[in-house]
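A.B. asks: compute the structure for the input listed below.
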Amino acid sequence: MNHDVLEQEALLIGALLVSPELLIELELKESDFGSVDYQLYFNAISSVAKSDVGASVFSVDEYIKNSTGISHRDILMQLSLEGANQVRYYSMQLASYAKRIKKESVSRAAYAITSALIDNLNAGNSDYIGQAVNELMNIDSVDMNYDHSFDDVAIKVVDEVEQNIKGDNGSIKSGMTEIDKSMGGLFPSDLIIIPARPAMGKTAFMVNMFLKCDGVPGVISGEQGASQIGVRSVCIAGKVNHHDFRTGQIEDDEWTNLNNGIVKFKQQKGRIFDKPAPTMAEIEKTCRNWVYKHNVSVIFVDYAQRIRHENKKLNKYDAMSDIAMRLKELARA
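C.D. replies: Alright, predicted model coming up:
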């Protein structure tokens with residue numbers, strides 16, 4: 001472990017012993033510390049600070065002694081003396097120390113995931129790749145703030161109202177007039193499921209929507225291949241009879257429409273993933289790649305029941321429940 005980071009962890013523990021109120025300001029977690037001892041001390045400080053006793057060298061040492069049977073008073077006393085100087089003279093540096101410690105924590109987590117991936121690959125378990133990729137891509141979201149005051153939320157609500165009045169509500173227009181009128185468009189983080197019996201036109205509806213929407217579409221097609229989706233898209237966009245296209249009976253005046261359909265299809269700049277019955281992990285990996293590399297802003301999945309779960313031991317109900325939950329999490333990511 002980097003000696004500088006270890007020294008900063010020590011100074012932060014000392015500062016917390018002197019001023020436990022910094023726990024709220026610095027927003028650190030036990031797992032952020034690389035030293036096992038400092039993890040122990042941080043957990044003790046956090047626990048004692050919540051009690052009526054309050055955190056001090058003596059109360060923290062008592063807490064540790066009760067759980068481990070070993071007194072750390074001398075070490076804690078030395079840390080508190082060094083921490084007192086930090087609080088008194090270098091308080092502005094404490095936030096930078098915390099930031100450095102968090103960054104080092106992320107690096108350790110990434111290293112642990114990649115090490116586990118290598119071990120699984122050496123053991124012949126290639127199924128772990130999807131899980132590892134998912135964990136790596138979620139590392140950055142660990143420190144997101146999910147705790148909001150009513151005051152902060154009220155400000156966001158006012159901002160949203162002002163944007164709505166200006167006609168910019170942040171949604172992606174579906175291109176379907178009645179749907180946009182009733183729903184306001186397609187909003188980020190929304191998971192919309194369209195249920196219908198087979199052969200009711202779900203795929204055709206999806207094609208019409210991704211051709212008309214004002215976002216960059218990504219299509220997960222677990223049933224039809226990319227060329228089939230392409231043919232349906234071009235025929236719909238160009239208003240060319242699908243049967244005529246399939247049989248090659250295209251009239252002379254339809255060639256212009258066909259060309260227009262191809263142009264409209266290409267203008268969407270979309271992506272298609274057409275692996276038959278993909279796993280949820282493959283979908284998560286593909287969608288995140290699309291968002292980061294190709295600016296895809298709306299995902300269409302055809303269809304949910306074709307998605308396979310990586311855990312083959314789960315029954316159908318549990319598998320679909322987990323897939324639905326992960327689709328929602330993917331929408332929020």
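A.B. asks: stretch 149-166 - what's its average pLDDT?
C.D. replies: Predicted confidence along stretch 149-166 averages 79 (mean pLDDT).
A.B. asks: which residues outside that stretch are in contact with it?
C.D. replies: In this structure, residues lying in contact with stretch 149-166 by Cβ atoms under 8 Å, 6 or more residues apart in numbering are 169, 170. No exception for glycine: its C-beta is placed from N, CA and C like everyone else's.
A.B. asks: would you list every one of the strands in the stretch 101-250 of the chain?
C.D. replies: Assigned by DSSP state E, counting those that start in this stretch, the stretch 101-250 of the chain shows strands spanning 217-221.
A.B. asks: flag the shaky bits of this structure, pLDDT-wise.
C.D. replies: Across the chain, the ranges flagged by pLDDT under 70 are 1, 52-53, 88-92, 138-147, 333.
A.B. asks: give me the outermost residue of it relative to its centroid.
C.D. replies: Centroid-distance maximum for the chain: residue 252 at 49.7 Å, with Cα atoms, centre = their mean.
A.B. asks: distance of residue 181 from residue 191?
C.D. replies: Distance check for residue 181 against residue 191: by Cβ to Cβ, to the nearest Å, it reads 21 Å.
A.B. asks: show me what contacts the residue lying closest to residue 214 once chain neighbours are set aside?
C.D. replies: Using Cβ to Cβ, 6 or more residues apart in numbering and skipping residues adjacent in sequence, the residue nearest residue 214 is residue 173, 4.7 Å away. With contact set as Cβ under 8 Å, 6+ apart, residue 173 has these partners: 180, 185, 186, 213, 214.
A.B. asks: state which helix of the protein is the longest.
C.D. replies: Counting residues, the longest helix in the chain under DSSP state H turns out to be helix 91-122.
A.B. asks: for that one, buried residues please.
C.D. replies: 94, 97, 98, 100, 101, 102, 104, 105, 109, 113, 117, 120 (16 or more other Cβ atoms under 10 Å).
A.B. asks: burial measure for residue 275, as a count.
C.D. replies: Residue 275 is flanked by 14 other residues according to other Cβ atoms under 10 Å.
A.B. asks: could you do residue 304 as well?
C.D. replies: With other Cβ under 10 Å as criterion, residue 304 counts 15.
A.B. asks: and for residue 134?
C.D. replies: 17.
A.B. asks: what sits against the closest residue to it other than its chain neighbours?
C.D. replies: Excluding its sequence neighbours, the residue lying closest to residue 134 (Cβ to Cβ, 6+ apart) is residue 284, at 5.4 Å. Counting by Cβ under 8 Å, 6+ apart, residue 284 makes contact with 130, 133, 134, 137, 326, 330.
A.B. asks: ok, residue 284 to residue 329 distance?
C.D. replies: Shown here: residue 284 relative to residue 329, a distance of 9 Å by Cβ to Cβ.
A.B. asks: I'd say residue 290 and residue 220 touch.
C.D. replies: No - counting by Cβ atoms under 8 Å, residue 290 sits too far from residue 220 to count as a contact (9.8 Å).
A.B. asks: any common contacting residues for the two?
C.D. replies: Shared contacts of residue 290 and residue 220, counting by Cβ under 8 Å, 6+ apart, come down to residue 299.
A.B. asks: return a PyMOL selection command for the buried portion of the contacts of residue 173.
C.D. replies: One line in PyMOL is enough to select the buried members of these, burial here meaning 16+ other Cβ under 10 Å:
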select buried, resi 180+185+186+213
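A.B. asks: ok, so of the contacts of residue 173, who is nearest residue 235?
C.D. replies: residue 213 (18.2 Å; Cβ to Cβ).
A.B. asks: secondary structure element for residue 60?
C.D. replies: Element membership for residue 60 (DSSP states H and E) is helix 57-68.
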